[in-house]
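Student: take a look and give me a structure for this.
(one chain, ligands or ions: 1)
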Amino acid sequence: MLDPEQLLYVYELKGGVPPPFLNLEGLLGVWPEADYTYLFFTNPAEATLQSFFRQHPEYSLTRRYQLPYKQWQQLTVQEPLVIDRFKIITSKKSIKLSVGEILLWIDPGVIFGSGLHPTTRGCLRALSLLYSETTPFKVLDLGTGTGILAIAAAKLGAGQVDAVDLNPMAISTAAANCERNGVKDVVRLIRGDARDQLPEAELLCVNIHFDFLEGFLRNSAICRYRWAIVGGFLKEKLPEVRVLLPPCTKIKVPVLQEKGWVTMLLEIQKEKV
Ligand SMILES: C[S@@+](CC[C@H](N)C(=O)[O-])C[C@H]1O[C@@H](n2cnc3c(N)ncnc32)[C@H](O)[C@@H]1O
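Tutor: Residues are numbered from 1 along each chain as shown. Purely as a prediction, here's the structure:
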């Protein structure tokens, strides 16, 4: 894991995703987001970027940020972080586990999915709840980030997990986390847009922002699965989400909420598809 005090230098570029051959000095990673791309460096990179812009005038610098890594990942809690039956650590250490507890070793780097955010926590709680009743073998994790939900599913007993993310940096971070947790043979990482990547599975986990969910729920793609864990939206959006849920879905347990963020565990009723 990065040193919590390590300063991150983040540059926002307009002009789409820079070419894959981008090989700038001190570059930690590249994070594409709609029309913008964020470049993460461990050192100030103005000079490096100036020469990059001279060669690629189609890109321009729109904003820059500087913040310690601990602020980026909100690293304020003592380890292990405990969520339901999961104990989460960010670096290798020996942790005492009681019967039924599961260790997740997740180094988030600069990627979403450390376990601190209420949406991740809600999805982990929903996973734990579902696996206490049944053991879905095939799982699809859309918007995998650090891979935390995919890894949790694998450790709960899933035998085959497909994990999709748009961000190449998320995929490399998730790959390292799968390796750390001994589940790299179970989790298949797919770099791509979740709108085009819908492999068959029994359980679907999707923790992506509301704009994505809206389109996803509207086209009833969710009816292909047996169960679904849906997170990533605020409680103000819950009435809208309820309307968007296709008739095949039934809310399995009361909606989980933490700090205004909502997670739903859904059962799909095949006769209503
Ligand atoms: C809120 S994070 C969730 C990370 C992790 N699953 C968790 O629960 O903590 C959402 C992730 O979805 C990815 N994402 C956003 N839009 C996407 C899309 N259209 N297709 C695939 N991944 C997407 C982002 O890159 C980000 O890693």
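Student: neighbours of residue 98, how many?
Tutor: Neighbours of residue 98 under the rule other Cβ atoms under 10 Å: 7. In this view, the C-beta of every residue, glycine as well, is placed from N, C-alpha and C.
Student: correction: the previous question concerned residue 128.
Tutor: Residue 128 sits with 17 neighbouring residues when counted by other Cβ under 10 Å.
Student: the one 3 residues further on now?
Tutor: The number of residues packed around residue 131, counting by other Cβ under 10 Å, is 19.
Student: need the contact list for it.
Tutor: For residue 131, the contacting residues are 153, 156, 157, by Cβ atoms under 8 Å, 6 or more residues apart in numbering.
Student: look up phi and psi at it.
Tutor: Torsion angles at residue 131 (phi, psi; degrees, to the nearest 10) stand at phi -70, psi -10.
Student: among the contacts of residue 131, which ones are buried?
Tutor: For the contacts of residue 131, a burial check counting by 16 or more other Cβ atoms under 10 Å picks out 153, 156.
Student: and the ligand, which of the contacts of residue 131 reach it?
Tutor: Counting by Cβ under 6 Å from any ligand atom, nothing from the contacts of residue 131 sits close to the ligand.
Student: and the contacts of residue 131, which of them are in helices?
Tutor: 153, 156 (DSSP state H).
Student: okay if I get the contacts of residue 131 as TSV plus pLDDT and distance to residue 236?
Tutor: TSV is the format used below for those (pLDDT from 0 to 100; distance: Cβ to Cβ, whole Å):
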residue	pLDDT	distance to residue 236
153	98	29
156	98	31
157	98	35
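Student: quick check, residue 9 in a helix?
Tutor: No. Under DSSP: H, G, I helix; E, B strand; the rest coil, residue 9 sits outside any helix and is assigned strand.
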